[in-house]
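Q: got a predicted structure here, sequence first:
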Amino acid sequence: MTLVFFGRARHIRVNVFAKTDTGRTRDHNEDNFLVADLTRQEASLKPAVRDHEIGERGSLFVVADGMGGAAAGELASEMATQVIYEHLLTNWLADPDATPQRFAFRLREAVETANRHIHEHARSHPEVRGMGTTATAVGVLGDQLYLTQVGDSRAYLIRRNRAHQLTKDQSLMQRLVEAGELTEEEAAQSERRNIILQALGPDAKVKVDLTHQDVRKGDLLVLCSDGLSGQVKKEEIAAIASETQDLVEACDRLISLANERGGPDNITVIVARFDGEALRQSKADEAVGHQVYPLIDTETSTEPVPVYKGSPPPVPSRRSRSQGRVLVGALVLVAAAAVALALLRHS
């Protein structure tokens, strides 16, 4: 984006690359990603997009991790990335005023629209009923990131070689950690870590977490599916991304490390580096992390409903599938009760 300071134009540039990998245990890839220059209306990894100036209509990065088995998860994640992008092209680019407030609203609206499309498609096609996907979509406008989150894919900001998680997992384990019932280490090892509270598709409405973050010179943005974050710690992600100037190499190294540790899931990562005269230098005391962006226009949405990503926790082999689902439901209810008790104790 071109900003003017004392009559002199200054720019913000982004260098970005993305890669996805099936992993070591899955037979197909249900992840999808999208990298787009919204101003020039191009979504690709061609050189003109991999290194571009942030225009007056911004840029877009999306990671989606599908679920539902067979081709359903792959379809859901592909629909999510495409609908989000196309909605912004159709609506955001048509808005007469390119204000941050309007951009954030359109981004959240695009994610909600993707949810409706996936949900309606599943209803009309019984063979993919139950399909869904996470979606971490980040819009860049000027020196600001606007982040929308549904599920447990993640966005990190790496500043001064340190990784800060910008998104919050919409998962059962995150709720238990926040309630003080589990440590982050215990949650990461739990057999129930794949229970997410929301996804695009299973329900007609979805509650989108909308946050924001200032961008500073030299910042690195990393978006990834849990195939990476579940195997590679954020400190390791920061070290690899910070020490590797070539973003293609950075993506390769991150995916290779996740695969070396078993590669139990599909792995997707986007790495973007920001630079330019219009960006300020970072300061040690600046706030970095999950920061809610308050929209003037608010819309009602449904409460989260637990959804499984991938395979459910193991159940005894003699139990039927329906009995297994009942057992899973009971586990969720027990965990929810623990959360409520913890909240009462801490109130």
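A: Received the coordinates, thanks.
Q: ok, the closest residue to residue 289 other than its chain neighbours - how many residues close by?
A: Excluding the flanking residues, the one nearest residue 289 by Cβ to Cβ, 6 or more residues apart in numbering is residue 164, at 5.3 Å. Every C-beta, even on glycine, is put in place using the N, C-alpha and C of the backbone. Residue 164 has 17 neighbours, counted by other Cβ atoms under 10 Å.
Q: let me know the secondary structure of residue 164.
A: strand (DSSP: H, G, I helix; E, B strand; the rest coil).
Q: wait, it sits on residue 157?
A: Yes. Look at residue 164 against residue 157 with Cβ atoms under 8 Å: they come within range, at 5.0 Å.
Q: what residues are shared contacts of these two?
A: Contact with both residue 164 and residue 157 is made by residues residue 288, according to Cβ atoms under 8 Å, 6 or more residues apart in numbering.
Q: show me where this protein has helices.
A: 47-50, 72-87, 100-124, 172-178, 184-189, 226-229, 234-243, 247-260, 321-346 (DSSP state H).
Q: distance to residue 199 and mean neighbour count added to these, as TSV?
A: Formatted as TSV, these follow (distance: least, Cβ to Cβ, whole Å; neighbours: other Cβ atoms under 10 Å):
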stretch	distance to residue 199	mean neighbour count
helix 47-50	28	14
helix 72-87	8	24
helix 100-124	9	20
helix 172-178	13	20
helix 184-189	19	13
helix 226-229	12	26
helix 234-243	23	18
helix 247-260	22	19
helix 321-346	15	13
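Q: and residue 280, which of those helices is closest to it?
A: helix 100-124 (16.7 Å; Cβ to Cβ).
Q: mean confidence for the closest one?
A: Helix 100-124 carries an average pLDDT of 97.
Q: how about stretch 253-262?
A: On average, stretch 253-262 scores 98.
Q: which outside residues touch it?
A: 19, 21, 23-25, 224, 227-228, 231-232, 236-237, 240-241, 244, 267, 269, 271.
Q: could you report the pLDDT at residue 180?
A: 82.
Q: also the one 3 residues further on?
A: pLDDT for residue 183: 74.
Q: you'd agree it is up against residue 190?
A: No. The criterion here is Cβ under 8 Å, and residue 183 misses it with residue 190 at 10.6 Å.
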